[in-house]
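> Just to be clear, the model below is a prediction. Sequence and coordinates:
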Amino acid sequence: MTTPRTDRSPWNWLLLLPIAIPLIPALFNAVEPRLFGIPLFYWLQLAFVLVSVAVTLIVYNMTRRAR
Amino acid sequence: MTTEIVIFAVLFLIVSAMGFVASRWRRPDDIASLHEWGLGGRNFGSWITWFLVGGDLYTAYTFVAVPALLFGAGATGFFAVPYTVIVYPLVMIVLIRLWSVSHVHGLVTPADFVRARFGSPTLALLVAITGIVATMPYIALQLVGIEAVLKTMGVTGDLPLIIAFAILAAYTYQSGLRAPALIAFVKDTLIYIVILVAVIYIPTQLGGWASIFDAAQAKFDATPAATDGVLLNANNQLQYVTLALGSALALFLYPHSVTGVLASKNRDVIKRNMSALPAYSVLLGLIALLGYMAIAAGVKPIGTDVNTVVPQLFDRMFPDWFAGVAFAAVGIGALVPAAIMSIAAANLFTRNIYREYIKRDATDAQEAAASKIASLVVKVGAVLFILLIDPQFSIDLQLIGGVIILQTLPSVALGLFTRWFHRAGLIAGWIAGMGAGMLMLYNIANPATDHAHFGGSAFALSKLGLDTKMTIYAGFLALAVNLIVALLGTLIARSAKLTDGPDATRTDDYTADQGDPRVHDLEVTSST
């Protein structure tokens, strides 16, 4: 029979990172340093996508059910 | 110009043919039931879900309107990127619980959930109506995307637009959710190709990224407006952040995103997708920068319709045949989400209005029939929006849509975590939030388009008597009003000993997964 399931996992706290970081303009509201001529404002916010991917992948792997 | 139209038309027709064939794809035994027609049998795996959810979140509107925002106002338009970064972790925390509880109780819409959780048909009706009303202008906006492309190709008049939507209506009627799921493959492939070519090729023609941003800077420096620029200023940072967060919260309250998530096979499919979907966010960021490329290329919008800047840019930079492919990508990109949205709105109507108030003992076949007709009505409504209302105004309607759908957050999203709220408090909160939201939107003017009211979503805090030039996203403030009233209303209802509705769900319903005996495999065979 099934044991009581829960979706509480300490790993879920990690998900707060990609939610909070993009909401702090002080981190990215600047032109320098540029990357390939693209101001910081634009390339860093695109880089946050990678943070989101990394964190969701980690949480997915740590909380997935055993098959 | 003729080459463009021929390629556009051919690709469009191929895709339409696929839409009609889709009803045979993955062989349903019987498409005449709502689960089958409206949720594709609820057993889409990772890949299909990825295309389906991506297909309805990134629309023709994003393709033309987000770059148009950057073209016009600069950095504030880039909010679309943080917005789509934070939405996936949020979904992973919130919507995954909706998947579980829906599969235990056979729920199809957010309003179904509210009905089961709070035992209040009134609250469910409010949630259903909010969803339908908020979706219609969203569908209408997809048409704005097609219209911008047609205009650039020199095709004017309403007839082509009506034909495009008639085709869409016919194959959604025929194939349900299978049609957009199948077409999404083609649409996304086309969009990826076009965008990759655009962001690699166009900058080389314009002297590199640095000169593109310099051109944008020069344009914004030359305007008298203080709100534009390639960076945010002290007054619009709060707006930027609250708009990104508010849009992310609103996105997964829309019935069509819920439909996409519910159609997946199990919880792991959703989680895996939340790490794969951000690939679209990178794409969106690159699409947004097309707005600056248009500035650098010296593109001027057709008339006052800034939505034409991206099609115009393609027309100018690409050879004719590839511009045709790009236009087809935008056009097809409009059809997929429009189909998913109209199906979701139709599901809401059938489940929460038709079956609840019109015909309580409807059979599965009657439900599916009602839903198909409702989806037609919703699409006709959307076409009317475009034909009768100035396109600029339809974008303002979309803004209103975002603000009103947010008002279902306390009952739907918070309801997934806590049963603390009283149904009377939630209803009061909905009314207060909706009223506050409308009042704020009414008081936002847009001098650029000469609208005294409903001119945007940036509400000046000075209107509340605060001594500041800062602006905030109106939906966010309205949601705060909603939450406060819901909270106070609940406390009052409790102390007045008002009867609360029964809760049909149990704590462990929210974590159930595929393989659990309580999780119904909602393939149609079990329900006919």
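Received, thanks.
> distance of the closest residue to chain A within chain B from A:L35?
Nearest residue of chain B to chain A: B:A210, at 3.1 Å (C-beta to the nearest C-beta). No exception for glycine: its C-beta is placed from N, CA and C like everyone else's. For B:A210, the distance to A:L35 equals 11 Å [C-beta to C-beta, to the nearest Å].
> Helices of chain A, residue ranges please.
In chain A, the helices defined using DSSP state H lie at A:16-20, A:40-63.
> From the rest of the structure, what touches the first one?
I take that to be helix A:16-20. The set of residues external to helix A:16-20 that reach it, using C-beta atoms under 8 Å, 6 or more residues apart in numbering or on different chains, is A:F48, A:V51, A:S52, A:V55, A:T56, B:V85, B:I86, B:Y88, B:P89, B:L90.
> Roughly how far does the second one sit from B:V85?
Pointing back at A:V51 there. Where B:V85 is concerned, A:V51 sits at a distance of 8 Å (C-beta to C-beta).
> Looking at the two, which is more packed in?
The residue with more neighbours, out of A:V51 and B:V85, is B:V85; 30 against 16, by other C-beta atoms under 10 Å in any protein chain shown.
> Hmm, the more buried one is touching A:A54, no?
No - using C-beta atoms under 8 Å, B:V85 is not in contact with A:A54; the gap is 11.8 Å.
> The residue in chain A positioned nearest to chain B and B:F213, how far apart?
Residue nearest to chain B within chain A: A:G37 (3.1 Å; C-beta to the nearest C-beta). Using C-beta to C-beta, one gets 7 Å for the distance from A:G37 to B:F213.
> Surely B:P137 is in contact with B:V403?
No - between B:P137 and B:V403 there is no contact, the gap being 11.5 Å when judged by C-beta under 8 Å.
> who has more neighbours, A:G37 and B:F213?
A count of neighbours by other C-beta under 10 Å puts B:F213 above the other of A:G37 and B:F213, at 22 against 15.
> ok, that one - contacts?
B:F213 makes contact with A:G37, A:I38, A:P39, B:V230, B:Y292, according to C-beta under 8 Å, 6+ apart.
> So which of those is surrounded by the most neighbours?
B:Y292 (27 neighbours).
> Let me know the pLDDT of residue 44.
I went with chain A, as the question did not name one. Listed pLDDT for A:L44 reads 91.
> try again with chain B
Per-residue confidence (pLDDT) for B:F44: 63.
> What of B:A436?
Looking at B:A436, its pLDDT is 91.
> what secondary structure does it sit in?
With DSSP: H, G, I helix; E, B strand; the rest coil as the basis, B:A436 sits in helix.
> neighbours around it, how many?
20.
> Please tell me how far the nearest residue to it once chain neighbours are set aside sits from B:G131.
Spatial nearest neighbour of B:A436, chain neighbours left out: B:V481 (4.2 Å); criterion: C-beta to C-beta, 6 or more residues apart in numbering or on different chains. Per C-beta to C-beta, B:V481 is found 20 Å from B:G131.
> Looking at these two, which is more packed in?
B:G131 (27 against 19).
> The helix or strand that one falls within - what's its average pLDDT?
Assigned by DSSP states H and E, B:G131 falls within helix B:121-152. On average, the pLDDT along helix B:121-152 is 85.
> Please apply the same query to stretch B:195-212.
87.
> Can you point out the buried residues in it?
Of all the residues in stretch B:195-212, those buried under the rule 16 or more other C-beta atoms under 10 Å in any protein chain shown are B:I195, B:V197, B:A198, B:V199, B:I202, B:P203, B:L206, B:W209, B:I212.
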